[in-house]
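Colleague: Have a look at this fold, sequence not included:
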């Protein structure tokens, strides 16, 4: 009679043989990449970077690390390397179904066929914009202009969106913005255009809502990937004083949403991000607290006329996971902390819509000089902290499941005065971009 130990050994040997045969016969899994991702020589964020695999293109995968956080594959131009598994679009069960391989295992699969060239390691490679409907989480940056350095830094850091803000003049032709749309797409980015009136009092002109809606619909027809309908309508800087009204803003949103979707159903419609504020009682008629404004929008049915809830977060002086400890007055107020901002905005619409941060940034005066008094609260924030917090905020937002898009405020603005935009800029005065390095890892 065969011994028990010998029987177990034979069973294990058979299982190992079956696994080897299965791996030997594995033909790979073809995936479509959902967002720009760095491809590296090894499954490690510090490993040498081979290039960028762009959103909307294909890879053929042959295996994964044991944890499933990294997968190995080949691009259409024959580059073999490792990427993090999230942008593959695979479910957890699909990732687990890939064979576990060692980093030095030979690669035997051929490149996938068809599609656009996915790997780019030089500025000369032709970028490819993803024109499919917007799905999943993605991030990008608000730019001052389409300069080559900014575009290269953004591509390197994995961004897939640019944002520009348009100051609309009543009756303007949407074709005036064609250059922005074409430039963004030429560099391989989707574009979000925030459209706000140059003169807030034009909102009272007869027929203005319809003319504004016609303009944003024209942008959608020209290929704008997302449109933010107005900006900060809860403060008198952008909306006439003593007329601030979430129901009236929702009517502008309704008319605009209908026109945009008729022109281009794939264009993402984002409601105007309110200014984060608690100053309503100090400035009655001129300011409405953003949480009150959101509740008013929800009561007016705004969730029916948007794809995403616009939000701004730009007053942080703590890591993005912090929920307490802000040293400023009223330290428990929700706008001080990214997690509480996300919760308040998401819950205002009872989870019916995700959030799109159309501005999210951290201010650092390092290398620029003292801040103006209104922004002195950020005087001790370093560039290293800015880099770590921007990277952490993007990661936190992606993991939350409540955020669809993050637009970082900002990439390359240079003005530094009463409004210290250059202090928010990721590209610093010396041309470096520590936050881009952090995001690329």
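Modeller: In hand now; what should we look at? For clarity, every value in this text was computed on a predicted model and none was experimentally measured.

Colleague: hang on, residue 357 in a helix?
Modeller: No. The assignment for residue 357, made by DSSP: H, G, I helix; E, B strand; the rest coil, is strand rather than a helix.

Colleague: Looks like it contacts residue 406 (just checking).
Modeller: Yes. Distance between residue 357 and residue 406: 4.7 Å, which falls inside the contact criterion (Cβ atoms under 8 Å). Where you see a C-beta, it was placed from the backbone N, CA and C, and this is true even at glycine.

Colleague: tell me, what's touching those two both at once?
Modeller: With contacts defined as Cβ atoms under 8 Å, 6 or more residues apart in numbering, the residues shared by residue 357 and residue 406 are residue 397.

Colleague: Work out for me the element the spatially closest residue to residue 201 that is not a sequence neighbour sits within.
Modeller: With sequence-adjacent residues excluded and distances taken as Cβ to Cβ, 6 or more residues apart in numbering, residue 201 is closest to residue 240, at 5.8 Å. No secondary structure element spans residue 240, as it lies outside all helices and strands (assigned by DSSP states H and E).

Colleague: Now do residue 240: how many residues are near it, please.
Modeller: 15 (other Cβ atoms under 10 Å).

Colleague: Start from the N-terminal end of the protein and give the helices.
Modeller: 4-24, 92-96, 148-156, 178-186, 208-222, 246-263, 290-299, 338-348, 383-400, 421-424, 434-440 (DSSP state H).

Colleague: wait, which of those helices is closest to residue 272?
Modeller: Go through those one by one with Cβ to Cβ and the one that ends up closest to residue 272 is helix 246-263, at 6.8 Å.

Colleague: what pLDDT, on average, does that closest one get?
Modeller: For helix 246-263, the mean per-residue pLDDT is 98.

Colleague: relative to helix 208-222, how tilted is that helix?
Modeller: 30 degrees (axes from the mean of the first three to the mean of the last three Cα atoms, to 10 degrees).

Colleague: So which elements touch helix 246-263?
Modeller: Applying 3 or more Cβ pairs under 8 Å, 6 or more residues apart in numbering; DSSP states H and E, one finds that helix 246-263 makes contact with helix 208-222, strand 226-229, strand 268-271, helix 290-299.

Colleague: Turn the ones you listed into JSON lines, including mean pLDDT.
Modeller: Formatted as JSON lines, the helices and strands packed on helix 246-263 follow (pLDDT from 0 to 100):
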{"stretch": "helix 208-222", "mean pLDDT": "98"}
{"stretch": "strand 226-229", "mean pLDDT": "98"}
{"stretch": "strand 268-271", "mean pLDDT": "98"}
{"stretch": "helix 290-299", "mean pLDDT": "98"}
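
Colleague: and those as CSV, adding mean neighbour count and distance to residue 75?
Modeller: As requested, the helices and strands packed on helix 246-263 are arranged in CSV below (neighbours: other Cβ atoms under 10 Å; distance: least, Cβ to Cβ, whole Å):
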stretch, mean neighbour count, distance to residue 75
helix 208-222, 21, 31
strand 226-229, 26, 28
strand 268-271, 25, 28
helix 290-299, 20, 43
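
Colleague: So for residue 100, which of those sits nearest?
Modeller: Taking Cβ to Cβ, strand 268-271 is the member of the helices and strands packed on helix 246-263 nearest to residue 100, at 37.9 Å.

Colleague: Show me the domain layout of the protein.
Modeller: Dividing the chain into domains by automatic domain parsing, as the record does, gives the ranges 26-120, 138-440.

Colleague: Would you mind finding the most buried of these?
Modeller: Mean neighbour count (mean count of other Cβ atoms under 10 Å) peaks for domain 138-440 among the domains of the chain, with a mean of 19.

Colleague: so where's this structure shaky on pLDDT?
Modeller: 1-25, 46, 114-134 (pLDDT under 70).

Colleague: Point me to the residue sitting closest to the centre of it.
Modeller: Closest residue to the average C-alpha location of the chain: residue 139 at 1.8 Å, with Cα atoms, centre = their mean.

Colleague: and that one, what are its bridge partners?
Modeller: Partner residues in beta bridges with residue 139, using DSSP bridges, are residue 406.

Colleague: contacting residues for it?
Modeller: Taking Cβ under 8 Å, 6+ apart as the contact definition, residue 139 lies against 158, 159, 160, 161, 394, 397, 398, 405, 406, 407, 408.

Colleague: separation between it and residue 395?
Modeller: Distance, residue 139 to residue 395, by Cβ to Cβ, to the nearest Å: 10 Å.

Colleague: got it, and residue 39?
Modeller: Computed as Cβ to Cβ, the residue 39 to residue 395 distance reads 19 Å.

Colleague: can you check residue 247 too?
Modeller: Taking Cβ to Cβ as the measure, residue 247 falls 36 Å from residue 395.

Colleague: go on, residue 254?
Modeller: The separation that residue 254 has from residue 395, given Cβ to Cβ, amounts to 35 Å.

Colleague: Then residue 150?
Modeller: 22 Å.

Colleague: ok so, going back, mind putting the helices of the chain into a markdown table with distance to residue 271?
Modeller: Listed next are the helices of the chain as a markdown table, based on distance: least, Cβ to Cβ, whole Å:
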| stretch | distance to residue 271 |
| --- | --- |
| helix 4-24 | 50 |
| helix 92-96 | 32 |
| helix 148-156 | 25 |
| helix 178-186 | 21 |
| helix 208-222 | 13 |
| helix 246-263 | 6 |
| helix 290-299 | 7 |
| helix 338-348 | 10 |
| helix 383-400 | 17 |
| helix 421-424 | 23 |
| helix 434-440 | 26 |
